[in-house]
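Trainee: sequence first, predicted coordinates after that:
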Protein chains: 2
Amino acid sequence: MDAALTHADDRSDQFVGELKDFLRIPSVSTDSAYADDVERAAHWLADHLSEIGMNESTVVATDGHPIVYAEHVTDPDKPTVIVYGHYDVQPPDPLDEWETDPFEPTRRNGSLYARGACDDKGQMFMHVKAAESYLQGEGEPPVNLKYVIEGEEETGSMAVGPFIEEHADRLDADVVLISDTAMFSEDTPSIVYGLRGLAYAEITLQGPNRDLHSGNYGGAVDNPANALGRIIAGLHDENHRITIPGFYDDVIDLTPEERETYADLPFDKEAWMDALDIDDVRTEGDYTTLECLSARPTLDVNGLWGGYTGEGAKTVLPSRAHAKLSMRLVPDQQVADIYDKLEAHLEQEVPDTMSFTMRRLHGGDPVLVDPSIPPMQAAKQAMGEVRGTEPVFVRNGGTIPVVATFQDTLGLDSVLMGFGLDSDAIHSPNEKFGLDRFQQGIQAIIRFHQHYADMNA
Amino acid sequence: MDAALTHADDRSDQFVGELKDFLRIPSVSTDSAYADDVERAAHWLADHLSEIGMNESTVVATDGHPIVYAEHVTDPDKPTVIVYGHYDVQPPDPLDEWETDPFEPTRRNGSLYARGACDDKGQMFMHVKAAESYLQGEGEPPVNLKYVIEGEEETGSMAVGPFIEEHADRLDADVVLISDTAMFSEDTPSIVYGLRGLAYAEITLQGPNRDLHSGNYGGAVDNPANALGRIIAGLHDENHRITIPGFYDDVIDLTPEERETYADLPFDKEAWMDALDIDDVRTEGDYTTLECLSARPTLDVNGLWGGYTGEGAKTVLPSRAHAKLSMRLVPDQQVADIYDKLEAHLEQEVPDTMSFTMRRLHGGDPVLVDPSIPPMQAAKQAMGEVRGTEPVFVRNGGTIPVVATFQDTLGLDSVLMGFGLDSDAIHSPNEKFGLDRFQQGIQAIIRFHQHYADMNA
């Protein structure tokens, strides 16, 4: 391990230079105008993984953007680590809010500014450089490595699930390691042990067979937009608990230890609210804000529309009203079961005056990883050594569907050891990544592999 | 009167031919591409009013489309009738659903098909031909006539209110006569004695200062789209009564006689619901469907929008949500007072987690005319004579703001004697006007003037 750490230390400027080359390729996955660049980024990465000495590195075509797969398997007795990451990036808009070109990486105040600097080219590239440090500094890493780097994370990860299923034998491994999350704060390094799931639906209420004149029909024809209001309102009770029957049946409640950990986290609620310009929160029962943000399920309207939405006044009684609404799920809620319960509830709630349809748009199961398992402890040790502060285990309110896929398809836990910060502005103008964290991430990954191998020895 | 009736009878084909010329001018007021045609229609009409023998006829420029003003005042001892109508029409879209060209009037099955055939060129032209019948058949009409024909009725009647105020002296009169409504049914001729008013507002709820990621913020940041649902739901109680404090304070309840009249109207509720493809209505308390459609106030959402409304799933927690909502008012509710009460109520209801704004977009006071006054009785007699059935007095659920303006500005009641039918499909493809009703309308108007003059003699 020491030679690998030294290799990384000695080449820190070179690594940043290579990352800059990688970031110059505008691999915006959602915009077909960039399709060639996405392809180019995949090949750049596969070539680079080959050059550093991985036994195999290849670009795998999919129905969408390609997946880069690389492996370095040398000893069946070593534990095997899958590294997951993505080489695609969000669009750079709005361009005029960038201080420097999003695709001309610029060093400023110890950070590298570029689209993808953190999410996820920068964080994923730490794993490439950690592998290089072992391969060139040490000769061999202490674990077998299998890299699955996709190009569609920002557009729904459509191809990676089928890829994992199709190559389940080849992806035989012991754990998945991912750096695509943020730390709790600069002073509080953290490892994510829980992700929320997602069940995203679109509902339509259909009243009369055409838009009507509100003067001629208002007062007797039930209005789908009014009814949509009643239905949305009825999905929560006064304690902001979700009223769908059975919704909480499978929710694993927070343990007293987890609640203590939440309470100990340094969270400045007033500053957090100030940054959003809100005067108060709306949280479930007695749960704290932080608990509700990551460990409790939610139901949010993501969009709603119906009737006349242009300038001025049009006295229409709309024929239809629509809402997109999604629920964030927590273990052990299951997407399919929650969809069923939502649909059954809505069918009860929709008045006899209209009909109702629901589409299931997008789902992902929630994930919980036991922090006491060896790879989680190895990550805690590694991250603590490089940050000088023992990391905490936290839950994250978001959803990374591929983590549930690794769990469901391969039976593998994922270790989410990320080095981002909220201030890195991922998905926003002036995305950046602190170069100290880039270097620390490489060192922590090197250390993780060794500690994890030691635990398996 | 008899010579006037004979004149109209003898020239029925000629009148239809002239109406066809008028209908060929596509005076679509809302589309600036037709601005020249709207102007042309105004001049055609003013010229025609001059040709038939009106003492004065002129096109009056406004900030929008011109108003045609014509008068024939001969004797200060005669009662004076203002005739109000409009020469503009709705757009013809969707064009491909018309069986014949909307601006090439076509006779079919006893009806004339064209955009504006009924609303309101056809109905308004009955008044022109009634005047001609007196001027050319009789020599003089039994009343003084003042015609106010506007070109913006389909786009909000912005110019006519100021016109009435500015020319209040010149518009000195005893009553207003309008044919721009429908009969209750083919077998049940009717005269409208009540119109609902309108108060139309747009509300915006502002939560966080930007759209947020529903995974990172959902569960604690109150969602404006969810809150909008709660607010809309809270505007009605379980009896479908509106919950705004004081909303019903000034509502004049239906008299037992009015309720009897409603109960006696031949209304096939099942057929009416079938035509709308609805299985049930949602009405206030114990009021009947017909009562709720025209004599009770309402609150309808006319439009709502917020968050992501495109294809697929976007996990946004929206910063803002909006609704357009309007209330139909009944006497003696007043627009300004109801706006104030709505705003005060919403300010109470909006949660502390967000801010709220409301815009007052469009209003009109409700109107109630005493059916026992001479001009209403004159209309009843005239319409009964030509239809062979005594008309009933009914209320209409819609709003014609100019009627309240005539009342408020000039102190004049309006007699709403219309010959349309729901099946005339105004505002829809294949608008038509039964030529029997066109002829009957002319005769009824001729009779109205005589009967009304007799009552004032």
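Mentor: Received it, and whenever you're ready, just let me know what you need. What you are looking at is a predicted structure, and each value in this text was computed from that prediction instead of being measured.
Trainee: give the pairing partners of the least confident helix or strand in chain A by mean pLDDT; include direction for each.
Mentor: Lowest mean confidence among the helices and strands of chain A (mean pLDDT, DSSP states H and E): strand A:212-213, at a mean of 90. Under the criterion DSSP bridges, strand A:212-213 sits next to strand A:316-317 (antiparallel) in its sheet.
Trainee: can you tell me what sits against the partner strand?
Mentor: With CB atoms under 8 Å, 6 or more residues apart in numbering or on different chains as the test, strand A:316-317 has contacts from A:208, A:211-214, A:217-218, A:221, A:223, A:307-308, B:300, B:302-303. All C-beta spots, glycine's among them, are computed from the backbone N, C-alpha and C.
Trainee: give me the number of residues near A:F125?
Mentor: 28 (other CB atoms under 10 Å in any protein chain shown).
Trainee: ignore the last one, A:L135
Mentor: By the criterion of other CB under 10 Å, A:L135 has 19 neighbours.
Trainee: in space, what's closest to it - neighbours in sequence excluded?
Mentor: A:G53 (3.8 Å; CB to CB, 6 or more residues apart in numbering or on different chains).
Trainee: confidence score at A:N456?
Mentor: The model reports A:N456 with a pLDDT of 86.
Trainee: separation between it and chain B?
Mentor: 33 Å (CB to the nearest CB, to the nearest Å).
Trainee: columns distance to B:V128 and secondary structure on top of the contacts of strand A:316-317, output as JSON lines?
Mentor: Formatted as JSON lines, those follow (distance: CB to CB, whole Å; DSSP: H, G, I helix; E, B strand; the rest coil):
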{"residue": "A:P208", "distance to B:V128": "37", "secondary structure": "coil"}
{"residue": "A:D211", "distance to B:V128": "33", "secondary structure": "coil"}
{"residue": "A:L212", "distance to B:V128": "32", "secondary structure": "strand"}
{"residue": "A:H213", "distance to B:V128": "27", "secondary structure": "strand"}
{"residue": "A:S214", "distance to B:V128": "32", "secondary structure": "helix"}
{"residue": "A:Y217", "distance to B:V128": "32", "secondary structure": "helix"}
{"residue": "A:G218", "distance to B:V128": "33", "secondary structure": "coil"}
{"residue": "A:V221", "distance to B:V128": "36", "secondary structure": "coil"}
{"residue": "A:N223", "distance to B:V128": "39", "secondary structure": "coil"}
{"residue": "A:G307", "distance to B:V128": "38", "secondary structure": "strand"}
{"residue": "A:Y308", "distance to B:V128": "34", "secondary structure": "coil"}
{"residue": "B:D300", "distance to B:V128": "36", "secondary structure": "strand"}
{"residue": "B:N302", "distance to B:V128": "35", "secondary structure": "strand"}
{"residue": "B:G303", "distance to B:V128": "38", "secondary structure": "strand"}
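Trainee: ChimeraX command to pick out the buried ones of the residues you listed?
Mentor: Those of these that count as buried under 16 or more other CB atoms under 10 Å in any protein chain shown are selected in ChimeraX with:
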select /A:208,211,212,214,217,218,221,223,307,308 /B:300,302,303
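Trainee: and stretch A:61-79, what's its mean pLDDT?
Mentor: For stretch A:61-79, mean pLDDT is 97.
Trainee: endpoints of it, how far apart?
Mentor: One end of stretch A:61-79 sits 28 Å from the other (CA to CA, to the nearest Å).
Trainee: number of nearby residues for A:P429?
Mentor: Applying other CB under 10 Å, we find 16 residues neighbouring A:P429.
Trainee: next one: the one 4 residues further on
Mentor: For A:F433, the tally of surrounding residues (other CB under 10 Å) stands at 29.
Trainee: surely it touches A:G420?
Mentor: Yes: using CB atoms under 8 Å, A:F433 is in contact with A:G420, at 7.4 Å.
Trainee: joint contacts of these two?
Mentor: Residues touching both A:F433 and A:G420 by CB under 8 Å, 6+ apart: A:C118, A:Q123.
Trainee: tell me who's in contact with the residue nearest to A:L135.
Mentor: By CB under 8 Å, 6+ apart, the contact set of A:G53 is A:H72, A:A131, A:E132, A:L135, A:Q136.
Trainee: just checking, which of these belong to helices?
Mentor: Taking DSSP state H, the ones among these that sit in helices are A:A131, A:E132.
Trainee: name the nearest of the contacts of A:G53 relative to chain B.
Mentor: A:A131 (30.1 Å; CB to the nearest CB).
Trainee: quick check: the closest one vs A:L145, distance?
Mentor: According to CB to CB, to the nearest Å, A:A131 stands 6 Å off from A:L145.
Trainee: between those two, which contacts overlap?
Mentor: The contact sets of A:A131 and A:L145 overlap at A:M54, A:H72 (CB under 8 Å, 6+ apart).
Trainee: doesn't the residue nearest to A:L135 lie inside a strand?
Mentor: No: looking at A:G53 with DSSP: H, G, I helix; E, B strand; the rest coil, it is coil, so not inside a strand.
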